[in-house]
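[1] next comes the sequence, and after it the predicted model I'd like to discuss.
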Amino acid sequence: MKKIVIILTAILIFSLTACTNDPETIEFPDVKTSLNETFNAEDNEFIIEEDILLPNVVEGAIISYVSSDSSALSESGQINRPTDEDIVITLTVTIRKSGNEEIVIYTVTILKTDSTDVVGDYKIIEDQRVLNGSLVISGGASTSNLNKIDDAFIGLGGGNEHIHILIIPTSSGGPTSSSVNIMKNSYKGRYGLTEEQFSVLNVTSSTKQLADDQDEVDKVNNATAIWFTGGDQYLVTSSLWKSNGTPSLVLQAIFDKWEDGNIVIGGSSAGAAIMSRVMIGGGLSVGALSYDHVNARSSYNGDDYNYGALLVNETGFGFFEHGVIDQHFDARDRLGRLIEATYVAGNKGLGFGVAENSALIYNNDTLDISVIGELFIIDTREASRTKTLTNLSKYENIKISLLRGSSTYNITTEEFTFLREDGNPMTNITDSPENLYEYPTNISSFFGQDLSLYEFIGEKLLNNRKTHLYIGRNSLPYISSFTIADHEYYRELNSTNDRIIYEKRFLFDALITEGYYDATTRQYSFKQVILDIIPLQDNLTEAN
């Protein structure tokens, strides 16, 4: 992309709003260094190539901004890129800390939104096919990241020029599903794809015989990209697997395409659930931790269903061989059910929780996992699970990691890289927590204080280990979360009036836990936070 960089003379102004009895100038070099790293600035000049939200807290200082062009900066700190030509603005940055302030002035070049990758009205995506194939696994409910997820799918499927998409809408009702037209119209409008670049599988739960029809098999053979829509994962698995457990001709053709490589297979929501062989079909976290698991969809009813028992079996398609997939992860509080599915059905392996508006991108050449949005990795390989007398699961030593931005995880080396969306390293806050919360423990659900799971862990534990933390197992500092108000967290015992809740203890192990912060998005990522899950009675004593 051609960059037009206009260099103006950089001006640095220091001023002070000091306490009345201390008029000397106060400077904040650590804050300015962090700001320069965040902006990739040199000599108080930097370039903005993507839409970003400017950070409002850096190194414990409050940051505010004033732009010489009011149309370029919203009140929330969102940079609004122009559509016609690059612009240059003066950005006045005020740093406030401990009652003092300093002002820094930057010259900023903001690149326009359109670029050389747009031809006419269409966005052009290059062929990015992977020799051994790739996966795009979406957590569902995509909004702000939808275009990025679609870009990845188009590129890994051959780009605008070579892609041929097979849509499999079986889980959402079949070829007449509205999801088919939505996807086709969206791709035609954004990427200029033609009707000839799409095929739609006609197999439904009521036309299972078509799964052995040669015309449907031919659609698979002609595809460079396959997309499973959202809906009910059992509609697609029961339609493509035969009753004797062998694959239909269509499913075998999909397996063959995956084996041959140079194809991308993607799916959203239910279309994500089918990606691993161990497939989660339903259940709530508390039901998964409290009741026997259900293996067959036909028996998933009655009290087991009402309490949200875990429905899990091995009817998934197994394109992703490295763990158990769950979707809508953080929005629907599926931590407990993914842990149960991973530890028990997944034979103490890895679980991958894909959040809403997010996608797991898997490269079958390098065995690298990257992320759009956020991805939780649940490691139960060294965890232990015991059962109470009332059949409640108690866990110790689960490891939780979170990828955001351009962060990656390699299956073979088990190495993490924590990068912002622009590819620059996130700030490592492992050894430099700053916040001083007097009461870090959240006696409520995560959402009781408007915190998501990753915000709760980031703000209360990773960035708050200097004071006021409890000390738990193996002398590790921890925070905890539990509630008795939400059916996701407690059950009434059948034989008594007692209620059972689950305390989730998130522990910091200095030998393996690491925390990271992205100042541009004000979000946390982390590696191997330890989790214990303890069943409690409603008087907050451990259940027997």
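    Perfect, thanks for sending it.

[2] mean confidence for stretch 397-416?
    Stretch 397-416 comes out with an average pLDDT of 97.

[3] start and end of that stretch, how far apart?
    19 Å (CA to CA, to the nearest Å).

[4] which strand residues bridge the residue most central in space within the chain?
    Centroid check for the chain by CA atoms, centre = their mean gives Glu374 as the closest residue, at 1.9 Å. Beta-bridge pairing for Glu374 (DSSP bridges): Arg404.

[5] over to Leu311?
    In this structure, Leu311 bridges to Gly282, Val294 when assessed by DSSP bridges.

[6] let me see the domain layout of this protein.
    What automatic domain parsing lists as the domains of the chain is 29-110, 125-381, 427-537.

[7] for Thr412, which of those domains is the nearest?
    Distance to Thr412, taken as CB to CB, is lowest for domain 125-381 among those, at 5.0 Å. (C-beta placed from N, C-alpha, C; glycine too.)

[8] what about that closest one, average pLDDT?
    Per-region confidence: domain 125-381 scores 94 on mean pLDDT.

[9] just how off-centre is that domain within its chain?
    In terms of CA atoms, centre = their mean, to the nearest Å, the centre of domain 125-381 is set 16 Å apart from its chain centre.

[10] give me the distance between the two termini of it.
    Length of domain 125-381, first residue to last, CA to CA: 39 Å.

[11] same question for stretch 463-482.
    OK, stretch 463-482 end separation, CA to CA: 21 Å.

[12] now do stretch 33-46
    14 Å.

[13] what average pLDDT does it get?
    Computed over stretch 33-46, the average pLDDT equals 81.

[14] show me which residues of it are buried.
    Going by neighbour count (16 or more other CB atoms under 10 Å), the buried part of stretch 33-46 is 34-36, 38-39, 41, 44-46.

[15] again with stretch 340-350
    So for stretch 340-350, counting by 16+ other CB under 10 Å, buried means 340-346, 349-350.

[16] just put those residues in JSON lines and tack on distance to Phe456 and secondary structure.
    Output for the buried residues of stretch 340-350, formatted as JSON lines (distance: CB to CB, whole Å; DSSP: H, G, I helix; E, B strand; the rest coil):
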{"residue": "Glu340", "distance to Phe456": "21", "secondary structure": "helix"}
{"residue": "Ala341", "distance to Phe456": "22", "secondary structure": "helix"}
{"residue": "Thr342", "distance to Phe456": "21", "secondary structure": "helix"}
{"residue": "Tyr343", "distance to Phe456": "22", "secondary structure": "helix"}
{"residue": "Val344", "distance to Phe456": "26", "secondary structure": "helix"}
{"residue": "Ala345", "distance to Phe456": "27", "secondary structure": "helix"}
{"residue": "Gly346", "distance to Phe456": "25", "secondary structure": "coil"}
{"residue": "Gly349", "distance to Phe456": "25", "secondary structure": "coil"}
{"residue": "Leu350", "distance to Phe456": "22", "secondary structure": "strand"}
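
[17] picking that back up, tell me which of the domains of the chain is the most buried.
    Ranked by mean neighbour count under mean count of other CB atoms under 10 Å, the domains of the chain are led by domain 125-381, which reaches a mean of 20.

[18] and Phe320, what are its bridge partners?
    Residues in beta-bridge contact with Phe320 (DSSP bridges): Ser276.

[19] show me the contacts for it.
    Neighbouring residues of Phe320 by CB atoms under 8 Å, 6 or more residues apart in numbering: 135, 137, 275-276, 352, 362.

[20] now do 7 Å
    135, 137, 275-276, 362 (CB atoms under 7 Å, 6 or more residues apart in numbering).

[21] let me know the helix or strand that Glu396 is in.
    Here Glu396 sits within strand 393-404, counting by DSSP states H and E.

[22] would TSV of the buried residues of stretch 33-46 with distance to Thr380 and secondary structure be doable?
    Putting the buried residues of stretch 33-46 into TSV (distance: CB to CB, whole Å; three-state DSSP) gives the following:
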residue	distance to Thr380	secondary structure
Ser34	36	helix
Leu35	40	helix
Asn36	41	helix
Thr38	36	helix
Phe39	40	helix
Ala41	43	coil
Asn44	49	coil
Glu45	48	strand
Phe46	43	strand
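
[23] redo the residues you listed as TSV? Include distance to Lys219.
    Below are the buried residues of stretch 33-46 laid out as TSV (distance: CB to CB, whole Å):
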residue	distance to Lys219
Ser34	53
Leu35	53
Asn36	53
Thr38	48
Phe39	49
Ala41	52
Asn44	57
Glu45	53
Phe46	49
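
[24] between the two ends of stretch 510-521, how far is it?
    Termini of stretch 510-521 sit 26 Å apart (CA to CA).

[25] one step back: out of the contacts of Phe320, which is nearest to Glu101?
    Checking those against Glu101 by CB to CB gives Ile137 as the nearest, at 46.1 Å.

[26] surely the closest one is within a strand?
    Yes - per DSSP: H, G, I helix; E, B strand; the rest coil, Ile137 lies within a strand segment.

[27] quick one: contacts for it?
    Shown in contact with Ile137 (CB under 7 Å, 6+ apart): 266-267, 272, 275, 320, 325, 354, 359-360.

[28] ok, 6 Å please
    Neighbour list for Ile137: 272, 275, 354, 360 [criterion: CB atoms under 6 Å, 6 or more residues apart in numbering].

[29] which two among these are spaced furthest apart?
    Using CB to CB, the pair of the contacts of Ile137 lying farthest apart is Met275 and Val354, separated by 9.6 Å.

[30] going along the chain, name the helices of the stretch 251-400 of the chain.
    270-273, 285-290, 302-306, 335-340 (DSSP state H, counting those that start in this stretch).

[31] indicate which one of these is closest to Asn100.
    Of the helices of the stretch 251-400 of the chain, nearest to Asn100 by CB to CB is helix 335-340, at 42.0 Å.

[32] neighbouring contacts of the closest one?
    283, 285, 288-289, 310, 326, 351, 353, 378.

[33] repeat that with 8 Å
    So helix 335-340 is contacted by 280, 283-289, 293, 310, 312, 324, 326, 329, 351, 353, 376, 378, 380, 393, 395, 398, 453, 502, 504, 533 (CB under 8 Å, 6+ apart).

[34] surely His322 meets Leu350?
    Yes - the pair His322 / Leu350 is scored as a contact, 6.3 Å apart, by CB atoms under 8 Å.

[35] I'd say Thr90 and Ile103 touch.
    No - using CB under 8 Å, Thr90 makes no contact with Ile103, being 11.8 Å away.

[36] give me the common contacts of these two.
    Counting by CB under 8 Å, 6+ apart, nothing touches both Thr90 and Ile103.

[37] which residues in the stretch 1-150 of the chain form strands?
    Applying DSSP state E, counting those that start in this stretch to the stretch 1-150 of the chain gives strands spanning 45-48, 57-58, 61-67, 87-97, 100-110, 118-119, 122-123, 134-138.

[38] any chance of JSON lines for these, columns distance to Asn262?
    Listed next are those as JSON lines, based on distance: least, CB to CB, whole Å:
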{"stretch": "strand 45-48", "distance to Asn262": "36"}
{"stretch": "strand 57-58", "distance to Asn262": "45"}
{"stretch": "strand 61-67", "distance to Asn262": "46"}
{"stretch": "strand 87-97", "distance to Asn262": "42"}
{"stretch": "strand 100-110", "distance to Asn262": "38"}
{"stretch": "strand 118-119", "distance to Asn262": "25"}
{"stretch": "strand 122-123", "distance to Asn262": "22"}
{"stretch": "strand 134-138", "distance to Asn262": "9"}
